[in-house]
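S.K.: Give me a 3D structure for the following:
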Amino acid sequence: MLKAIWMSDLHYAANGDVLGHDPKAGLGSAIEHVNRFYKDSELCIISGDMVNRGTVEDYAAVSESLSQLAMPFFPMVGNHDDRVLFKDAFTLPNNCMQDFVQYSISTSEGEIICLDTLKAGSDEGEFCSKRLGWLTERLDALGETPAYLFMHHPPMKLGLPIQDTENLVESDALLELLSDHSNVRHLFIGHVHRPIVGTIKGIPFATMRSVLFQAPAPQPAWDWKTFKPSEEAPSIGALTIANMDVTMQYVQFCRYEDGLV
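M.R.: From the prediction side, this is the model:
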């Protein structure tokens, strides 16, 4: 059995608030909760947007905060991240790609694969031929070993009219690859700051709330000009994987008011 924690979209800032929310308080509450109630977890995956602005100071601060976790953590890039600064700030697995933050983690229940969907200078994501080639080789090499994929940008529409404009572009090749490999058991996706579950080409997927602030539900309608974080408490995911069966609990670790400045 594998127990793991899933966090997403920290949007950490060393100084100041982000949209009226306190990044230090949010992440601090999450870490305290994990260390108190889930310290038997083997690892923690963080699916992108580690920082809000991509500065040296912010990366140093978030790395220091995450070092307080009771288990190893594995960071990923999102559209708010900078690959160069990211790689300077974090220690990544030896099998990480040279040009991308893309790597895999071997566990007793299969392979966790962390993808890099960052498209530099854009909020939408991409998955180029180099990244696709690496993933193809990795999935082929695994054979029947189960694979669990984490990524920042959704490769499908989720019924979120505003967020769906900033998904992974040209995702057909990726989805075709995944559907051709029966060992791909589950997709875990960040970016949208909302909890959604479903299937795509027969593969189960889940999205995660942000550790910091949540996007509003699609109704009543909104756009980026009228955007205001929803008054919803943040969550993390408590994952259990056993014999290719996946269970995830959305865990609220603080009240909505606790993360406000």
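S.K.: Quick one: the strands in this protein, in order.
M.R.: 2-7, 43-46, 73-75, 103-107, 110-114, 147-151, 184-189, 197-200, 203-207, 235-242, 245-252 (DSSP state E).
S.K.: which residue is nearest the centroid of the chain?
M.R.: residue 47 (1.7 Å; Cα atoms, centre = their mean).
S.K.: Dihedrals phi and psi, the residue nearest to that one when sequence neighbours are not counted?
M.R.: The shortest distance from residue 47 to any non-neighbouring residue, by Cβ to Cβ, 6 or more residues apart in numbering, is to residue 190 (3.7 Å). Every residue, glycine included, has its C-beta placed from N, CA and C. Dihedral pair for residue 190: phi -100, psi -140, per degrees, to the nearest 10.
S.K.: Can you check the pLDDT for residue 190?
M.R.: What the model reports as pLDDT for residue 190 is 98.
S.K.: Quick check: it touching residue 75?
M.R.: No: using Cβ atoms under 8 Å, residue 190 makes no contact with residue 75, being 11.6 Å away.
S.K.: residues contacting residue 256?
M.R.: Residues near residue 256 by Cβ atoms under 8 Å, 6 or more residues apart in numbering: 231-234.
S.K.: Now residue 58: closest residue in space, sequence neighbours ignored.
M.R.: Spatial nearest neighbour of residue 58, chain neighbours left out: residue 51 (4.0 Å); criterion: Cβ to Cβ, 6+ apart.
S.K.: What about the one you found, how many residues nearby?
M.R.: 28 (other Cβ atoms under 10 Å).
S.K.: go on, residue 225?
M.R.: With other Cβ under 10 Å as criterion, residue 225 counts 5.
S.K.: All the helices of this structure, residue numbers only.
M.R.: All helices of the chain, identified by DSSP state H, fall at 23-37, 56-66, 83-89, 129-142, 172-179.
S.K.: What count of nearby residues applies to residue 10?
M.R.: Neighbourhood size, residue 10 [other Cβ under 10 Å]: 28.
S.K.: picking up where we left off before, okay, and the beta partners of the residue nearest to residue 58?
M.R.: Per DSSP bridges, the residues bridged to residue 51 are residue 12.
S.K.: what's near enough to touch it?
M.R.: Contacts of residue 51 (Cβ under 8 Å, 6+ apart): 10-13, 58-59, 62, 80-81.
S.K.: Same question for residue 154.
M.R.: 163, 167-168, 189, 191-192, 207.
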